[in-house]
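J.: Have a look; sequence and predicted model below, questions after that.
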Amino acid sequence: MTAIPKTQKAIVFEKANGPLLTRDVPVPVPEPDEVLVKLLYSGACHSDLHAWKADWPFPFQYPLIGGHEGTGHVAAVGSNVKGFKIGEAVGVKWVNGTCLDCNFCLQGADGNCPGARYSGFTHPGTFQQYCTVKAAHAARIPDGIDLAEVAPILCAGITVYKALKRSDAIAGDTVVITGAGGGLGSLAVQYAKALGLVVIGIDSGDAKRELFEKLGGDVFVDFKTDDIVKKVIANTPNNEGAPAVVHVAVAEKAIETSLDYVRATGTIVLVGLPADAVTHSPVFGQVLRAVTIRGSLVGNRLDTVEALEFVRRGLVRCPIKIVPASELTNVYTLMEEGKIAGRYVLDLTKF
Ligand code: 8ID
Ligand code: ZN
């Protein structure tokens, strides 16, 4: 491991929608309970785009260094950190640190800890060459896994794995995944197949349909050209509708439509966070059909270990395209236009 420099490259923006500037910034020094990570790769998640546009009611802290799907190696450890070796492969998640002591932490709701800090949102994230993370939240990457391919698991993978668990679907059930060709969606399809589910994916265009089919998805519904409700229902047992729906599409409309194809007693899990979106569910229908609608926020430390285990076993493989870090503005443009099938990963050696 080479010596740790005093400064490093980072992508910084001063305000919402401001230019994404490549800056020389200090390499942070780890606190006693932190690990310093020399980052090699970072996925670009749609949440980073939301952070840049500040289209959520979230307390973003500027100037901001975004990014929350990082992988690299341990460069230094704080004085109280045990169990991490310099040079070990490590991942950085969205939840960058929690108090470990409150009732939310105790119940494994890491993202809801009032003392939580979030990579790329309230703590300098992974669009830089070095970042700090509380050791308790540094993710151990199993040996032999490609660090570029695994980066998107640190947010997208953990999140969809958790959302599928929260959908209460069991092997043999049918799950609908909206946004199935995007970053979260392309991983959700694979986790769902690995869990033994029948997968109906909703997205649009040939590139996303081809990716969906390559990943083992069962039925693709094009939200621009198909009759969504009719096609979903026609592909469920007894035409009863889908017992589980996981929304990762960045579209309010997709959520409303799902009320018409979810099976009575089914569960709709909200994951995607379209700006200003509202769920309109008529109470009468929801009660009479006993439908559950629930939100799901990333996953906890155990979900992280489990989500990575699917990758280690070769059951899930993130479809990535690696681009130089300096391409981030273009990546955001493509993402906004819905043109990214799978995930773009930034090479943090190329600014
Ligand atoms: O913990 C969480 N809840 C969490 C964690 C990580 C990300 C939530 N998210 C949120 C992001 O902030 C974002 O709002 O999940 C959403 C999806 O993130 P992503 O997968 O990184 O975005 P993407 O790669 O752009 O994929 C979105 C897909 O949705 C499709 C698009 O074509 C794209 O493939 N889509 C859209 I936009 N409208 C659709 C529609 N009406 C649609 N698919 C089906 N129906
Ligand atoms: Zn994310």
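T.: Done, it's in. Ligands and ions are numbered 1, 2, ... in the order given.
J.: distance of the residue of the stretch 101-250 of the chain found nearest ligand 1 from K82?
T.: Closest to ligand 1 within the stretch 101-250 of the chain is G182: 2.0 Å, counting by CB to the nearest ligand atom. C-beta: built from backbone N, CA, C; applies to glycine. Going from G182 to K82 by CB to CB, to the nearest Å gives 38 Å.
J.: backbone phi and psi for A163, please?
T.: In terms of degrees, to the nearest 10, the main-chain angles of A163 are phi -60, psi -40.
J.: hmm, back to that, quick one: neighbours of the residue of the stretch 101-250 of the chain closest to ligand 1, just the number.
T.: 27 (other CB atoms under 10 Å).
J.: where does it fall, phi/psi-wise?
T.: phi -90, psi -160.
J.: ok, now the one 4 residues further on?
T.: Taking degrees, to the nearest 10, you get phi -70, psi -30 for the backbone angles of S186.
J.: I'd like to check which residues are in contact with the residue nearest to the spatial centre of the chain.
T.: In the chain, the C-alpha closest to the average C-alpha coordinate belongs to A156, at a distance of 2.3 Å (CA atoms, centre = their mean). Counting by CB atoms under 8 Å, 6 or more residues apart in numbering, A156 makes contact with G43, C45, E69, G183, L184, L187, C318, R343.
J.: most surrounded residue in these?
T.: E69 (33 neighbours).
J.: show me what contacts it?
T.: By CB under 8 Å, 6+ apart, the contact list for E69 reads 42-45, 92-94, 126, 151-156.
J.: What of E88?
T.: Applying CB under 8 Å, 6+ apart, the residues contacting E88 are H73, V74, R140.
J.: So which of those residues belong to strands?
T.: Those of the contacts of E88 mapping onto strands are H73, V74, R140, per DSSP state E.
J.: shouldn't the first one be in contact with V90?
T.: What it means is H73. Yes. If you go by CB atoms under 8 Å, H73 and V90 touch, sitting 6.5 Å apart.
J.: So the two - more neighbours on which side?
T.: V90 (25 against 17).
J.: The more buried one pairs with what?
T.: G72, R140 (DSSP bridges).
J.: thought it was touching A135?
T.: No. Using CB under 8 Å, V90 is not in contact with A135, being 9.7 Å away.
J.: Check the ones in strands among the contacts of E88 against A192 and report the nearest one.
T.: Using CB to CB, R140 comes nearest to A192 of the ones in strands among the contacts of E88, at 24.9 Å.
J.: what about the stretch 51-200 of the chain, any weak spots by pLDDT?
T.: Nowhere does the stretch 51-200 of the chain drop to pLDDT under 70.
J.: Now do the contacts for G181.
T.: Contacts of G181 (CB under 8 Å, 6+ apart): G201, D203, S204, G205, A207, K208, R209, L211, F212, A341, G342.
J.: who's in contact with the nearest residue to it once chain neighbours are set aside?
T.: Spatially, and ignoring its direct neighbours in sequence, G181 is nearest to K208 (2.6 Å; CB to CB, 6 or more residues apart in numbering). Going by CB under 8 Å, 6+ apart, K208 touches A180, G181, G182, F220, A341.
J.: before we move on, what about C99?
T.: C105, C113, P114, G115, A116.
J.: nearest residue to the second one other than its sequence neighbours?
T.: What it means is C113. Excluding the flanking residues, the one nearest C113 by CB to CB, 6+ apart is T98, at 3.9 Å.
J.: From what I see, the one you found and A135 are in contact.
T.: No. Taking contacts as CB under 8 Å, T98 lies outside contact range of A135: 11.9 Å.
J.: joint contacts of H73 and V90?
T.: V37.
J.: Now the residue in the stretch 1-150 of the chain positioned nearest to ligand 2. Nearest residue, chain neighbours left out?
T.: Per CB to the ion, C45 is where the stretch 1-150 of the chain lies closest to ligand 2, at 3.0 Å. Excluding the flanking residues, the one nearest C45 by CB to CB, 6+ apart is C155, at 5.1 Å.
J.: Check the burial of the one you found by counting its neighbours.
T.: Applying other CB under 10 Å, I find that C155 has 33 neighbouring residues.
J.: Kindly report the same for the one 5 residues further on.
T.: For V160, the neighbour count with other CB under 10 Å is 31.
J.: what do you get for L154?
T.: Other residues near L154 come to 30 when the count uses other CB under 10 Å.
J.: How about G314?
T.: With other CB under 10 Å as criterion, G314 counts 9.
J.: Kindly report the same for F121.
T.: Other residues close to F121 by other CB under 10 Å number 23.
J.: so how far is S204 from the residue in the stretch 1-150 of the chain that ligand 1 sits nearest to?
T.: In the stretch 1-150 of the chain, the residue that lies nearest ligand 1 is H46 (3.2 Å; CB to the nearest ligand atom). H46 sits 16 Å away from S204 when distances are taken as CB to CB.
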